[in-house]
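Asks: here are the coordinates; sequence isn't available:
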């Protein structure tokens, strides 16, 4: 408490660093009221006083004490202590001293304010002994009125301080809440953009790998018959159109700041997906144990992307190898997806590409590009699907975890690569 009494300045004083016009008006008002209250105390100097200072000293002290109230924001406690002590011997200082007491209660902690209030009451007791009340007013009545005034002003100052602290706290909370809300919005927007990026990878990766595969057919076999070249060009044009359509939808979502997922395709379009892969020369075996149209959209959308990514990875990293896709499940038990393909032998990319194209004999061969499934050694030009991005399986794991599912992948004991997924299928989902 002693440190609080002698430390100059008031960090709680409004306008201490940069006074506002309102603060200046209040300071002037304090000085004027201090003059008026001090003028009332001039009549307390009677001939019966035990201390008789010269008149000029009383007036000078009264004016100085009133003017000193302009410093109440900078030194509230020190000013209150000095004026309380002076009020014992100079009654006109009593008015400015109670104003300084109120200001200290506003700008300092309650314990400091109560200590100053006690000092003010004690100064009143001594002052009315030095200057006995005139007329019929008793000593203790005058002391009681002075003590009541000190208590009221101190309590009022504490209430003002508490209200200011409450308003400052509420303002700080409002600013913090607004900042946190802005951060949550930005975080949510970033998450949505990441989800759209996954959709872009899944959708465009499949389309572009088909483009690369069919373009590779022309590159490796420029002697293909015109009708076969025309059919390949048609597939390339169709895949490019679909890729542009998907990209347009995704870009539209980004520009509109929407939270949609972009192109929405469900597992009900599984047959079209398999047909695209077979048109690229892949051997795809299908084992579907349920009616895919009954799968809810919220589940089927993720299932479609998982199958799409699995087939794209198989075409890129295991060219010419047959792929088996199994889908089964039911409500409450969940939807299971398994994609299995043999791992290619450890050869260089050039040797794999040559082997993939070695059996292509044109439209009359068993590796016809338009067939329902070329053999492993012929027509399997999926090896030109392009290098992997190394993030597909990670994206599938994130996608499955978002809906409460799980992904497993890795090499089996038989030398195959297995991608398995389980997605929750709520019983009452539609």
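Replies: Now that the structure is in, tell me what you want to look at. Nothing here was measured: the structure is a model prediction, and the numbers come from that model.

Asks: Tell me where the protein has helices.
Replies: Assigned by DSSP state H, the chain shows helices spanning 2-6, 21-41, 55-67, 76-89, 94-107, 110-130, 139-220, 226-256, 270-279, 297-317, 349-358, 392-402.

Asks: Let me have those helices in TSV, extended by mean neighbour count.
Replies: Using the backbone N, CA and C atoms, a C-beta is placed for each residue, glycine as well. As requested, the helices of the chain are arranged in TSV below (neighbours: other CB atoms under 10 Å):
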stretch	mean neighbour count
helix 2-6	10
helix 21-41	15
helix 55-67	16
helix 76-89	23
helix 94-107	27
helix 110-130	19
helix 139-220	16
helix 226-256	15
helix 270-279	18
helix 297-317	23
helix 349-358	16
helix 392-402	17
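
Asks: And the pLDDT for residue 42?
Replies: At residue 42, the model reports a pLDDT of 69.

Asks: do the one 5 residues further on as well
Replies: Looking at residue 47, its pLDDT is 50.

Asks: How about residue 210?
Replies: At residue 210, pLDDT is 69.

Asks: quick one: low-confidence parts of the stretch 151-300 of the chain?
Replies: Residue ranges of the stretch 151-300 of the chain with pLDDT under 70: 192-193, 195-196, 198-199, 201-203, 205-207, 210, 213-214, 217, 246, 249-264.

Asks: Which segments of the protein make up each domain?
Replies: 2-137, 181-423 (automatic domain parsing).

Asks: Relative to the whole chain's centre, how far out is the first one?
Replies: Domain 2-137 has its C-alpha centroid displaced from the chain centroid by 51 Å (CA atoms, centre = their mean, to the nearest Å).

Asks: what does stretch 166-183 give?
Replies: For stretch 166-183, the distance to the chain centre is 14 Å (CA atoms, centre = their mean).

Asks: what about residue 71, distance to residue 125?
Replies: 27 Å (CB to CB, to the nearest Å).

Asks: quick one on the thing from earlier: so can I have a markdown table of the domains of the chain showing distance to residue 170?
Replies: A markdown table is the format used below for the domains of the chain (distance: least, CB to CB, whole Å):
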| stretch | distance to residue 170 |
| --- | --- |
| domain 2-137 | 16 |
| domain 181-423 | 16 |
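
Asks: For residue 154, which of those is the nearest?
Replies: Residue 154 sits nearest to domain 2-137 of all the domains of the chain, at 4.1 Å, using CB to CB.

Asks: What confidence value was assigned to residue 357?
Replies: 37.

Asks: should've said residue 421
Replies: pLDDT, residue 421: 92.

Asks: ditto for residue 327
Replies: 93.

Asks: Against residue 128, how distant is it?
Replies: 99 Å.

Asks: What residues are bridge-paired with residue 408?
Replies: residue 420 (DSSP bridges).

Asks: That one is in contact with residue 417, isn't it?
Replies: No: the pair residue 408 / residue 417 is not scored as a contact, 11.5 Å apart, by CB atoms under 8 Å.

Asks: more crowded one of the two?
Replies: Set side by side, residue 408 and residue 417 show more neighbours around residue 417, with 21 against 12, by other CB atoms under 10 Å.

Asks: and the gap between that one and residue 341?
Replies: Counting by CB to CB - residue 417 and residue 341 are separated by 6 Å.

Asks: what touches both of those two?
Replies: 314, 318 (CB atoms under 8 Å, 6 or more residues apart in numbering).

Asks: Give me the pLDDT value at residue 96.
Replies: With respect to pLDDT, residue 96 has a value of 87.

Asks: May I have the residues that are in contact with it?
Replies: Counted by CB under 8 Å, 6+ apart, residue 96 has contacts 34, 37, 38, 65, 66, 68, 69, 83.

Asks: Report the two of these separated the most.
Replies: It's 37 and 68 that sit farthest apart of these, by CB to CB, at 13.6 Å.

Asks: Could you list the low-pLDDT ranges of the stretch 1-150 of the chain?
Replies: Looking at the stretch 1-150 of the chain by pLDDT under 70, you get 1-18, 41-49, 134-137.

Asks: Now do residue 68 against residue 76, distance only.
Replies: Taking CB to CB, one finds residue 68 at 11 Å from residue 76.

Asks: can you check residue 302 too?
Replies: Distance from residue 302 to residue 76, by CB to CB: 66 Å.

Asks: likewise residue 107?
Replies: 4 Å.

Asks: now swap in residue 174 and tell me
Replies: 28 Å.

Asks: Please apply the same query to residue 185.
Replies: Applying CB to CB to residue 185 and residue 76 gives a distance of 43 Å.

Asks: do the same with residue 124
Replies: From residue 124 to residue 76 the distance is 20 Å (CB to CB).

Asks: And residue 396, by the same measure?
Replies: 67 Å.

Asks: Repeat that for residue 310.
Replies: 75 Å.

Asks: Please apply the same query to residue 287.
Replies: 85 Å.

Asks: swap in residue 151?
Replies: Distance from residue 151 to residue 76, by CB to CB: 18 Å.
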